[in-house]
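> Based on what follows, work out the 3D shape:
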Amino acid sequence: MKDLVTELQNLEYLDWAERKLSPGTPGCFLKAYEEKDGIRIYYKLSNYDSYRGVFGHECVNELVVSRLLDVLNIPHVSYRLIHASINIDGQALKTWITSSNNFRKADEEKMAFDLFYDLEKQSKESPLEFAARYGWKHDIYRMILVDYLVANRDRHGSNIEVLRNMNSGEVRLAPLFDQGVSLFFSSYGDEKQIEKFDVMKDIQANNYFGSRSLEYNLSLIPKGYDLNIAALKETDYDYITDGLEKVIAPLHKKRIWEMIWRRWNYYEKIRS
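Residues are numbered from 1 along each chain as shown. Here you go, the predicted structure:
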């Protein structure tokens, strides 16, 4: 598939200078970018530290969630998983990285949602009420569902962005992005951990909206509310997991689908 490049690519020229720390996650996530034909392309690694190098499967998770959102027909940043040779601080590494295109228009600037809320909120207005006032309630409900389906632990206020037109001042919510800290991210490929993991576990997450409970946050979506998304089907397994056996173990691939599918069925059961 076009979103999975298994042939080793030489990307040793990239400068991995930007480092992003994520609360509760060891190491850090390194970022790089380049300009191609006037388009900025962003690259991201899985977890990294100078001793272990690159470890974890956050980049694989980005691809899986991107495909899931394709199926559900939810606006999102599309990620590409690339087998690449890179260079970090003079050390050559072969690993998997993700790439994505800039989702901002030329006349737009970005702002973290939590900062925008602090600047523009009305007295005693909750973040969800604030989002509803701007016409974004529907998007937030869909985000809550997605985070539950993939057990996303890292939807803090900067992992949701507002895009402002610098000429007109109009604002819009950015498409969903940065879902790597999800699924079995903390197992680091340990098949025993992956096998025994309870895929229906109510994971405690760093959520900006709602509580730390992903399952409880589903209750914020009114019963019977139409999210206007496509239904997930068992046959979507082929599209969502296509080619992953070249990157992760068969058990890992199987369990990813089990988590998504069982959580979808739970949502279908309770939503009405």
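> Can you show me the helices along the stretch 51-200 of the chain?
Chain-ordered helices for the stretch 51-200 of the chain, with DSSP state H, counting those that start in this stretch as the definition, fall at 58-72, 113-120, 127-133, 137-149, 191-196.
> winner for burial among the ones you listed?
When neighbours are counted by mean count of other CB atoms under 10 Å, the highest per-stretch mean among the helices of the stretch 51-200 of the chain falls to helix 58-72, a mean of 23. Every C-beta, even on glycine, is put in place using the N, C-alpha and C of the backbone.
> Tell me which of the helices of the stretch 51-200 of the chain lies nearest to Asn10.
If you check each of those against Asn10 by CB to CB, helix 58-72 wins as the nearest, at 17.6 Å.
> State which helix of the chain is the longest.
Taking DSSP state H as the assignment, the helix of the chain that covers the most residues is helix 250-270.
> and the angle for that helix with helix 58-72?
Inter-element angle recorded for helix 250-270 and helix 58-72: 40 degrees (by axes from the mean of the first three to the mean of the last three CA atoms, to 10 degrees).
> Next up, the contacts around Met143.
Arg155, Ile160, Leu176, Phe209 (CB atoms under 8 Å, 6 or more residues apart in numbering).
> any chance of those residues in a markdown table, plus pLDDT, neighbour count and distance to Asn228?
Rendered in a markdown table, the data for those read as follows (pLDDT from 0 to 100; neighbours: other CB atoms under 10 Å; distance: CB to CB, whole Å):
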| residue | pLDDT | neighbour count | distance to Asn228 |
| --- | --- | --- | --- |
| Arg155 | 95 | 26 | 21 |
| Ile160 | 97 | 25 | 20 |
| Leu176 | 97 | 23 | 15 |
| Phe209 | 96 | 19 | 19 |
